[in-house]
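Q: build the 3D model from these lines:
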Amino acid sequence: MTKPNPIFAGIEGDHNQFKNANVLLQSISYDGTSTWGKGADQGFEAFLDAAENMEIYDIETDSEVYQKGVHIVDPILEEVSPEAVFESVYENTRELLKTDKFLTFFGGEHSISIGIIKAFYEAHPDITILQLDAHTDLRPEYHGSPYNHACAVYDASQNANLVQVGIRSMDSSELEFLDRDKCYFAEDIHGKTDWMEDSLSKISDKVYITVDLDVFDPSIMPATGTPEPGGMDWYTVTRYLKKVFQQKNVLGFDIVELAPIEGLSAPQFLAAKLYYKMLSYKFANS
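A: Model (predicted):
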């Protein structure tokens with residue numbers, strides 16, 4: 001279980017108090033619709049443990065972004081049904097958006113993003129949803145629910161500008177909902193860089209980023225429910241994200257699908273570093 005009143009990176013101080021913090025972090029550890037590998041409900045605890053043990057100076061941005069303050073808000077513990085989780089996450093995110101702070105979320109499986117994204121596109125109709133993922137997640141419903149992890153961005157595809165990066169697995173039933181002009185398949189972008197600027201040209205000024213950790217190759221991120229071969233490497237992902245943060249107004253992001261493997265700490269350390277790196281990019285010039 002996550003320790004009560006957790007502190008990001010284990011660094012106490014006034015910077016983490018709600019009134020002072022620039023960033024809010026919420027755990028949504030739901031893992032009710034995953035259909036193969038389980039364990040994403042344990043991801044946040046592993047992530048926090050890794051964050052406490054990482055070095056807090058970011059070489060690339062010459063910054064210590066923790067000083068901007070990361071306040072960990074109460075987790076969402078709803079798990080009765082996918083529908084109940086969606087409603088809880090959606091209403092909660094609508095309230096968090098009123099705080100005018102930078103919102104970040106940590107899963108849990110990818111279905112937790114559906115309610116978050118809906119709240120964001122309703123508040124910002126001109127927003128782009130940028131999905132980094134191994135899977136398209138475009139099914140209108142799966143196993144009887146539209147709030148399944150396999151449906152993570154279907155609603156976004158129908159109601160917002162959706163750009164997908166790193167995709168390398170999908171079901172044929174999703175083809176009718178796929179916008180090929182805004183989907184960057186892993187095999188097509190491997191070893192190339194021109195796709196980055198091309199994708200940025202299709203992203204509006206405001207953007208919300210959802211990162212499924214299985215976007216990374218399983219050689220560096222095996223701790224996900226559905227690892228897929230042929231994934232992206234660390235520097236490709238971070239270089240791309242840096243461009244997004246530099247050129248666009250990122251309003252928030254989530255990281256999902258960390259399913260810790262006993263005795264293997266590297267995956268949660270990657271997740272913690274990714275989270276910290278994304279914050280470092282966000283606040284690099286502030």
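
Q: hey, which helix is longest across the protein?
A: Using DSSP state H to define each element, the chain has its longest helix at helix 266-282.

Q: and it, what's buried?
A: 267-282 (16 or more other Cβ atoms under 10 Å). Just so you know, the C-beta spots here come from the backbone N, C-alpha and C atoms, and that holds for glycine as well.

Q: for this structure, which segments are assigned as strands?
A: Taking DSSP state E as the test, the strands found in the chain are 23-28, 70-72, 102-107, 128-132, 161-167, 183-185, 206-212, 249-256.

Q: by contact count, what packs against the third one?
A: This points to strand 102-107. strand 23-28, helix 43-52, helix 112-123, strand 249-256, helix 266-282 (3 or more Cβ pairs under 8 Å, 6 or more residues apart in numbering; DSSP states H and E).

Q: which of these sits closest to D194?
A: Checking those against D194 by Cβ to Cβ gives helix 266-282 as the closest, at 21.2 Å.

Q: name the helices or strands packed onto that closest one?
A: Packed next to helix 266-282, using 3+ Cβ pairs under 8 Å, 6+ apart, are helix 43-52, strand 102-107, helix 234-247, strand 249-256.

Q: same thing but 7 Å
A: helix 43-52, helix 234-247, strand 249-256 (3 or more Cβ pairs under 7 Å, 6 or more residues apart in numbering; DSSP states H and E).

Q: orientation of it relative to strand 102-107 in degrees?
A: 170 degrees (axes from the mean of the first three to the mean of the last three Cα atoms, to 10 degrees).

Q: what distance separates helix 266-282 from the centre of its chain?
A: 11 Å (Cα atoms, centre = their mean, to the nearest Å).

Q: ok, A21 touching H71?
A: Yes. Applying Cβ atoms under 7 Å as the test, A21 and H71 come out as touching, 3.7 Å apart.

Q: got any residues that touch both of the two?
A: Residues touching both A21 and H71 (Cβ atoms under 7 Å, 6 or more residues apart in numbering): none.

Q: now T104: how far from I117?
A: Taking Cβ to Cβ, to the nearest Å as the measure, T104 falls 14 Å from I117.

Q: which one of the two has more residues nearby?
A: I117 (27 against 21; other Cβ atoms under 10 Å).

Q: which residues does the nearest residue to the more buried one once chain neighbours are set aside contact?
A: Excluding its sequence neighbours, the residue lying closest to I117 (Cβ to Cβ, 6 or more residues apart in numbering) is A156, at 5.0 Å. A156 sits next to I117, Y121, I129, L162 when contact means Cβ under 7 Å, 6+ apart.

Q: for I127, same thing?
A: Applying Cβ under 7 Å, 6+ apart, the residues near I127 are F120, Y121, A160, S204, K206, V207, Y208, L251.

Q: repeat that for A50.
A: A50 neighbours (Cβ under 7 Å, 6+ apart): S265, Q268, F269, A271, A272.

Q: redo the residues you listed as a markdown table? Include pLDDT.
A: Below are the contacts of A50 laid out as a markdown table (pLDDT from 0 to 100):
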| residue | pLDDT |
| --- | --- |
| S265 | 96 |
| Q268 | 98 |
| F269 | 98 |
| A271 | 98 |
| A272 | 98 |
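
Q: would you turn those into TSV with distance to D62?
A: Formatted as TSV, the contacts of A50 follow (distance: Cβ to Cβ, whole Å):
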residue	distance to D62
S265	27
Q268	26
F269	22
A271	23
A272	20
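
Q: out of those residues, flag the one nearest to D58.
A: Nearest member of the contacts of A50 to D58, counting by Cβ to Cβ, is A272, at 12.3 Å.

Q: who's in contact with the closest one?
A: Taking Cβ under 7 Å, 6+ apart as the test, what A272 contacts is F47, A50, A51, M54.

Q: OK, contacts around the first one?
A: This points to F47. So F47 contacts F106, L258, Q268, A271, A272 (Cβ under 7 Å, 6+ apart).

Q: ok, 10 Å please
A: 2, 8, 25, 27, 106-107, 255, 258, 260, 267-272, 274-275 (Cβ atoms under 10 Å, 6 or more residues apart in numbering).

Q: for S157, see how far away it is.
A: In terms of Cβ to Cβ, F47 sits 28 Å off from S157.

Q: any low-confidence regions in this protein?
A: Within the chain, the segments meeting pLDDT under 70 span 1-4, 33-37.

Q: tabulate the strands of the chain (TSV), appending distance to D41.
A: Formatted as TSV, these follow (distance: least, Cβ to Cβ, whole Å):
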stretch	distance to D41
strand 23-28	10
strand 70-72	17
strand 102-107	9
strand 128-132	21
strand 161-167	24
strand 183-185	29
strand 206-212	16
strand 249-256	11
